[in-house]
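> Let me see the structure of the following:
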Amino acid sequence: MIRPIADAPQFAADSVANETQSASRAVLSLELELWIEVLLLISFGLVMIYSASSIMALRKYSDAAHYLKRQLACIGLGIGTILVISRFPYRSYRQHIPWMFLWTVLTLVLVLIPGLGSEINGARRWFNFRFFLVQPAEFAKVVWILFLSVSLVKKQDKIKRFGIGFLPHIVLFGLFGALLLKEPDFGTTFMLGCLTVFMLMLGGVPYPYLFSLVPCAAVVCYRFVYLVPYRWERITAFLNPWTDQLDSGYQLIQAWIAVGSGGILGKGLGYGQQKLFYLPEAFTDFILAVIGEELGFVGIFGVCVLFLFLFQTGLRISRSAHDYLGSLMAFGLTMLLSLQALLNLGVVLGLFPTKGLPLPFISYGGSAFVANCVAVGILMNIARTSQMRME
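Numbering: from 1, shown residues only. This is a model prediction of the structure:
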């Protein structure tokens, strides 16, 4: 039956209402999807941390569950962080970001002072609070993304000007990078550099300005990679680890042995051998190698699929954000989580030079885990705010 013309406005209003409700449910599902993906990664990581660390924990602490218990405490703190941060309106960072930025710079300075910062394996990156360590560089990643997002939105009308849209951001990144290199932490500096370029590109900075960074990056790599013996050894070991298989190439070779011996289905959970004091950092930065040995190609593929889902959920949150600020923040935080996962995967499989970057939500650790939970909490608030606006 054909609807009468008089009912057409009501029909149109009903259609708009239905579309709005559908969009609202879609955005709401993004928050739920993000929760599911993060909880799956955390749960899987908890199982693998226990499998990879129990022998080491038994030897050092006479308690096979030592690292498992500590990670459970981090997970409780991380989930609590998500619940709190997701309730904190992301637009309020406009007012708070200057103080957050200054506080972050201050912590990066203080950690370099002997007596305040704790030195481990030749690097001064941590504050030692007796029962736990805090690495300010992990939180600096999130603060830098928030700062860039606020700044790019504020300068949007003049973003194409060299002295407004490009140069100030590069100078401030140089400040961050100099402090990180002083620790030293070249991996985090490199990753923040990539994120900065992505953010500036999305923010509308002209490409010629970004291309001008190539020679600058080459100079930095020459100074801080080629002229630093241990970093250059990592490059040569990456190209051919067998030339120094007992030193600079040792970790990569052991990771390859673990992944290669796992085959398609792996040796079985708990039956890996490389974690028996052969593979360094077996339950931290190189936990993916243990996954490959015990769960095989299927295990590594499953981890990659979970991160791909996390990546596409983050991009959908960015696209559905109510304003440009939320869109930039969601994009930057999504790229932060995804790039860390990609670099860790590449390092373990020998696609990138060896560098100490944890696998988000899966590797053992406190600061990195909580910092990633902060990023997830902000993403959830952006999705929730968009959903409330639609309602």
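> Tell me how far L46 lies from S62.
In this structure, L46 and S62 are 21 Å apart, going by C-beta to C-beta, to the nearest Å. (C-beta placed from N, C-alpha, C; glycine too.)
> Between the two, which is the more surrounded one?
Per other C-beta atoms under 10 Å, whichever of L46 and S62 has more neighbours is L46, with 17 against 8.
> who's in contact with that one?
Counting by C-beta atoms under 8 Å, 6 or more residues apart in numbering, L46 touches 68, 71-72, 75.
> Within the helices and strands, which one has the residue nearest to the spatial centre of the chain?
For the chain, L337 is the residue whose C-alpha lies nearest the centre (C-alpha atoms, centre = their mean; 3.0 Å). Element membership for L337 (DSSP states H and E) is helix 324-348.
> Same check on I55?
Judged by DSSP H and E, I55 forms part of helix 8-61.
> The residue nearest to the centre of the chain contacts P360, doesn't it?
Yes. The pair L337 and P360 qualifies as a contact (C-beta atoms under 8 Å) at a distance of 5.4 Å.
> shared neighbours of these two, anything?
307, 372.
> the longest strand in the protein is where?
Criterion DSSP state E: the longest strand present in the chain is strand 123-128.
> Buried residues of stretch 212-220, list them for me.
Using 16 or more other C-beta atoms under 10 Å as the test for burial, stretch 212-220 gives 213, 220.
> Identify the spatial nearest neighbour of W242, chain neighbours not counted.
G249 (6.3 Å; C-beta to C-beta, 6 or more residues apart in numbering).
> Read off the pLDDT value for the one you found.
Here the pLDDT value assigned to G249 is 84.
> can I assume T354 sits in a strand?
No. Counting by DSSP: H, G, I helix; E, B strand; the rest coil, T354 is located in no strand; its state is coil.
> For burial, what's the neighbour tally of it?
T354: 25 neighbours (other C-beta under 10 Å).
> That one reaches L239, doesn't it?
No. T354 is beyond contact range of L239, at 11.6 Å (criterion: C-beta under 8 Å).
> Let me see the confidence value for V205.
If you check V205, the pLDDT there is 91.
> residues in contact with it?
Counting by C-beta under 8 Å, 6+ apart, V205 has contacts 159-160, 165-166, 169.
> Give me the subset of these lying in helices.
Judged by DSSP state H, helices contain the following of these: H169.
> Can you give the contact residues for the longest strand of the chain?
Residues contacting strand 123-128 (C-beta under 8 Å, 6+ apart): 107, 110-112, 114, 116-118, 120, 133-137, 183-185, 367.
> 10 Å instead?
107-108, 110-114, 116-120, 132-138, 180, 182-185, 188, 356, 366-367 (C-beta atoms under 10 Å, 6 or more residues apart in numbering).
> If we go by neighbour counts, what in it is buried?
124-127.
> Past it, which element shows up next along the chain?
Heading C-terminal from strand 123-128, the first helix or strand you meet, by DSSP H and E, is strand 133-134.
> If you count contacts, what does that next one end up packed against?
Here strand 133-134 touches strand 117-120, strand 123-128, helix 367-390, going by 3 or more C-beta pairs under 10 Å, 6 or more residues apart in numbering; DSSP states H and E.
> wait, which of the ones you listed is closest to L41?
helix 367-390 (9.6 Å; C-beta to C-beta).
> what angle separates the closest one from strand 123-128?
Counting by axes from the mean of the first three to the mean of the last three C-alpha atoms, to 10 degrees, helix 367-390 lies at 70 degrees to strand 123-128.
> Helix 367-390 vs helix 324-348, what angle?
Using the same axes, to 10 degrees: helix 367-390 against helix 324-348 is 150 degrees.
> what mean pLDDT does helix 367-390 have?
88.
> and what of stretch 167-181?
Rounded mean pLDDT across stretch 167-181 is 92.
> For that stretch, C-alpha coordinates in CSV please.
Extracted in CSV, the C-alpha atoms of stretch 167-181 (Å, rounded to 0.1, in the frame of the first residue of the first chain):
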residue,chain,number,x,y,z
LEU,A,167,58.7,24.2,12.6
PRO,A,168,57.4,24.5,16.2
HIS,A,169,56.3,20.9,16.2
ILE,A,170,59.7,19.7,14.9
VAL,A,171,61.6,21.8,17.4
LEU,A,172,59.5,20.4,20.3
PHE,A,173,60.0,16.9,19.0
GLY,A,174,63.7,17.6,18.9
LEU,A,175,63.5,18.4,22.6
PHE,A,176,61.7,15.1,23.3
GLY,A,177,64.1,13.2,21.1
ALA,A,178,67.2,14.7,22.7
LEU,A,179,66.1,13.7,26.2
LEU,A,180,65.2,10.2,25.0
LEU,A,181,68.5,9.7,23.2
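> Please point out which parts of that stretch sit buried.
169-170, 172-173, 176-177, 179-181.
> how far is it from where the chain is centred?
19 Å (C-alpha atoms, centre = their mean, to the nearest Å).
> about what we covered before: can you turn the buried part of the contacts of strand 123-128 into a ChimeraX selection?
Per 16+ other C-beta under 10 Å, the buried members of the contacts of strand 123-128 correspond to this ChimeraX selection:
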select :107,108,111,117,118,134,135,136,137,138,180,183,184,185,188,356,366,367
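> Next SSE downstream of the helix or strand of the chain with the lowest mean pLDDT?
Every helix and strand in the chain was compared by mean pLDDT, DSSP states H and E; the lowest is helix 8-61, with a mean of 75. Following helix 8-61 in sequence order, the next helix or strand is helix 66-85 (DSSP H and E).
> quick one: that following helix to helix 367-390, angle?
30 degrees.
> Export helix 66-85 to PDB, keeping only CA atoms.
The C-alpha trace of helix 66-85 is given here as PDB (Å, rounded to 0.1, in the frame of the first residue of the first chain):
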ATOM      1  CA  HIS A  66      56.500 -14.700  40.600                       C
ATOM      2  CA  TYR A  67      56.200 -12.800  37.300                       C
ATOM      3  CA  LEU A  68      52.600 -13.900  36.800                       C
ATOM      4  CA  LYS A  69      51.600 -12.400  40.100                       C
ATOM      5  CA  ARG A  70      53.400  -9.100  39.300                       C
ATOM      6  CA  GLN A  71      51.700  -9.000  35.900                       C
ATOM      7  CA  LEU A  72      48.300  -9.600  37.500                       C
ATOM      8  CA  ALA A  73      48.900  -6.500  39.600                       C
ATOM      9  CA  CYS A  74      49.800  -4.500  36.500                       C
ATOM     10  CA  ILE A  75      46.600  -5.800  34.800                       C
ATOM     11  CA  GLY A  76      44.500  -4.700  37.700                       C
ATOM     12  CA  LEU A  77      46.100  -1.300  37.600                       C
ATOM     13  CA  GLY A  78      45.800  -1.100  33.800                       C
ATOM     14  CA  ILE A  79      42.100  -2.000  33.700                       C
ATOM     15  CA  GLY A  80      41.400   0.400  36.500                       C
ATOM     16  CA  THR A  81      43.200   3.100  34.400                       C
ATOM     17  CA  ILE A  82      41.000   2.300  31.400                       C
ATOM     18  CA  LEU A  83      37.800   2.600  33.500                       C
ATOM     19  CA  VAL A  84      38.900   6.000  34.900                       C
ATOM     20  CA  ILE A  85      40.400   7.500  31.800                       C
END
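> Thank you, goodbye.
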